[in-house]
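Chemist: predicted structure and sequence below. I'll ask about it afterward.
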Amino acid sequence: MTFQPIVPLSGYAGWSFLNRTMDVQKAAFNEAASVQRATDYFRENIGAVASADDLMSDRRLLSVALGAFGLEEDINNTFFVQKVLEDGIVDDDALANKLSDKRYFEFSKAFGFGDFDTPNTELSTFPDEIITKYQDTQFEIAVGEQDETMRLALNLDRELIEIANTQTSDNGLWYGVMGNSAVRSVFETALGLPSSVGSLDLDQQLSEFRDKTSRYFDDSEVSQFADKSKREELVRLFLVRSEVAAGSVGASPLENALSLLSGFA
């Protein structure tokens, strides 16, 4: 039986509770029999995997590999998954480089089958790196079954810091945000952008994200979110706006809180 995370409240109050109890809840989740079986098997057997074909032939290993990147629903898309792995990421024409969902890029990069003579599966640190990512991602999914906004908030803290610390141009960082569906969703909600912004020309989208971010955070660059306090501010704004939109409590106090958080009280 898998431990089900406890999220007794919605909005920022629920987020505060989740953070206070995070270590205990994650430990209980990771110690559940189903998670233990999956991660123990992966640790004991992944070192023998030398190719994408080897990984595809072991469904138990593949389940953890995909689950670490939130791609578990692709477990039956064998041709597609193998192509992503075998192409690697170095070649511009590699499949992972053409997909808008950058989880496939990270998945292929992590295993290294298409890029190196010796894949990353043979590194001594590899099993624990993937297992940790698997545990974190699966915990987030379990939290999302209780409250989807909490899952997005958890994901943001992990994903956004990686994007913000990427060595690329300022615009490149924004493309990283806009190309990550979960992170983008948080920004759109927090900044009050309609989902229809995605139908605009890419340059117009970039301008919208920059303008609204500058309005709420006095800085238009993604790099500012490498600072934990700025990520927390973004999460607060996201959760308050989400709760207002859901209408789960009286709108008036939430709208007042939103005004304060946005600097427009």
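Modeler: Arrived safely, thanks for sending. Just so we're clear, the structure is a prediction, and the values are computed from it rather than from any experiment.
Chemist: okay, now the domains of the protein?
Modeler: Using automatic domain parsing, the domains assigned to the chain come out as 11-132, 168-262.
Chemist: which of those domains has the lowest mean pLDDT?
Modeler: Mean pLDDT is lowest for domain 168-262 out of these, coming in at a mean of 85.
Chemist: ok, back up a step: tell me which of the domains of the chain lies nearest to Gln4.
Modeler: Nearest to Gln4 among the domains of the chain is domain 11-132 (8.5 Å), distances taken as C-beta to C-beta. No exception for glycine: its C-beta is placed from N, CA and C like everyone else's.
Chemist: now the closest one, how far from the centre of its chain.
Modeler: Distance, stretch centre to chain centre, for domain 11-132: 13 Å (C-alpha atoms, centre = their mean, to the nearest Å).
Chemist: helices or strands up against the lengthiest helix in the chain?
Modeler: Among the segments of the chain that qualify as a helix by DSSP state H, the longest is helix 126-146. Judged by 3 or more C-beta pairs under 8 Å, 6 or more residues apart in numbering; DSSP states H and E, helix 126-146 is in contact with helix 22-30, helix 33-45, helix 59-67, helix 148-164.
Chemist: buried ones in the second one?
Modeler: Along helix 33-45, the positions that meet the burial threshold by neighbour count (16 or more other C-beta atoms under 10 Å) are Val35, Ala38, Thr39, Phe42.
Chemist: next, the residue nearest to Ser51 when sequence neighbours are not counted: phi, psi?
Modeler: The spatial neighbour of Ser51 that comes closest, neighbours along the chain excluded (C-beta to C-beta, 6 or more residues apart in numbering), is Phe113 at 6.0 Å. Phe113 adopts backbone torsions of phi -60, psi -40, taken as degrees, to the nearest 10.
Chemist: what's the neighbour count on the nearest residue to Arg151 once chain neighbours are set aside?
Modeler: Among residues not flanking Arg151 along the chain, Gly144 sits closest, at 3.0 Å (C-beta to C-beta, 6+ apart). Neighbourhood size, Gly144 [other C-beta atoms under 10 Å]: 18.
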